[in-house]
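S.K.: this is the structure alone, sequence omitted:
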C-alpha cells in the first residue's frame, strides 16, 4: 500500500527563503499577527501557497513579537481563546480576499510546546480553532499529546505531527532547544523524516526508541538551510515510496 505524508513548514515569519521552500512542501503554516506576520505578509504567503498548490493554514502564537513566541507566557484560558481566534480570523479575512480556504490550524512555538502537557491551554486553543471553522488541527503526535485529545473533543480532525529536523525526548516530546541535539543537520533530518514517514518511529537524543504516529512532518522555514532541507527531504520521501500530499478534511 502506498504511504502518504504531509510536509509542512512554518512560514509568513519574514524569511527571505520562503519562495524557495514553498515548491517542496504540501502545507504552509502562516503566521497571523501574534509572534510574527501582518496583513501584507499573510497575503504574500497565501498567494505563494496558491501558486504552488500548497494547503494553507493558520499558525497562531503567543502575542510576543519581541520573543518570537518562544517565551513561556501565562494567560487565562479564556484570553488564550480570544487571541488565538483573533489571529485565525485575521488570516481568514486575508485568505477570503485571495480566494483561499484555510485547511488547518497549527499553534506556534511555546504555545504549542506548553499545550502538549497543559489540558486547559490545549482546550483553549482548540476551542478557538473550532470557533473559526477550520477543520484540521496539527498537534504533536503521540498518546501523551493533550493537543490532539483537545482537538478531537472540540470536534476538529486531529492530525499528528512529527518533526524531521528536531531531536526527541524519550517521552515523545521535543528535546529543548537550549540543549545539544535539539536541532538536526540536514542529513540527519532527512533520515529521521523518512523513518518517521515509513516506520512511525525515531530514536530519542538519549537513545530510546520513540513511537511517533505522524501524518504530517514539520521542517522549520526560518533559516538559510530550510530550502535545501525541504528539497532533499521531499526527494528522499518520494524515493522511499512516500506520496507527499496534504491531509484532506473528512466529508
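M.R.: Happy to help now that I have it. Predicted, not measured: the structure shown is a model, and the values here were computed from it.

S.K.: mean confidence score for stretch 115-130?
M.R.: What stretch 115-130 shows for mean pLDDT is 97.

S.K.: need the residues that contact it.
M.R.: Contact partners of stretch 115-130, identified using Cβ atoms under 8 Å, 6 or more residues apart in numbering, comprise 58, 60, 77-78, 80-82, 84-85, 88, 105, 107, 111, 114, 137, 139-140, 144-147, 149-151, 153-156, 173. Every C-beta, even on glycine, is put in place using the N, C-alpha and C of the backbone.

S.K.: which among those residues count as buried?
M.R.: Buried subset of the contacts of stretch 115-130 (neighbour count, 16 or more other Cβ atoms under 10 Å): 58, 60, 77, 80-81, 84-85, 88, 105, 107, 111, 114, 137, 139-140, 145-147, 149-151, 154, 156, 173.

S.K.: just to revisit the earlier point, out of the contacts of stretch 115-130, which sit inside helices?
M.R.: Within these, residues falling in helices by DSSP state H are 77-78, 80-82, 84-85, 88, 111, 114, 146-147, 149-151, 153.

S.K.: can you pick out the most distant pair from those?
M.R.: Within the ones in helices among the contacts of stretch 115-130, two members stand farthest from each other by Cβ to Cβ: 82 and 149, at 22.0 Å.

S.K.: would you say residue 236 is within a helix?
M.R.: Yes: counting by DSSP: H, G, I helix; E, B strand; the rest coil, residue 236 falls inside a helix.

S.K.: tell me, what residue is most central in this structure?
M.R.: Closest residue to the average C-alpha location of the chain: residue 106 at 5.0 Å, with Cα atoms, centre = their mean.

S.K.: low pLDDT regions in the stretch 101-250 of the chain?
M.R.: 221-222 (pLDDT under 70).

S.K.: all strands of it, in order?
M.R.: Ranges of strands in the stretch 101-250 of the chain, per DSSP state E, counting those that start in this stretch, are 104-105, 136-140, 157-163, 201-203, 209-211, 216-220, 242-244.

S.K.: got the angle for the longest one vs strand 136-140?
M.R.: On the basis of axes from the mean of the first three to the mean of the last three Cα atoms, to 10 degrees, strand 157-163 is oriented at 40 degrees to strand 136-140.

S.K.: give the buried residues for the longest strand along the chain.
M.R.: Assignment by DSSP state E gives strand 3-11 as the longest strand of the chain. Within strand 3-11, the residues that qualify as buried by neighbour count (16+ other Cβ under 10 Å) are 4-11.

S.K.: repeat for stretch 217-235
M.R.: Within stretch 217-235, the residues that count as buried by 16+ other Cβ under 10 Å are 217-222, 225-227, 229-234.

S.K.: quick check: the farthest pair among those residues?
M.R.: 222 and 234 (18.3 Å).

S.K.: and for residue 203, the neighbour number?
M.R.: 14 (other Cβ atoms under 10 Å).

S.K.: thought it was touching residue 212?
M.R.: No: counting by Cβ atoms under 8 Å, residue 203 sits too far from residue 212 to count as a contact (10.6 Å).
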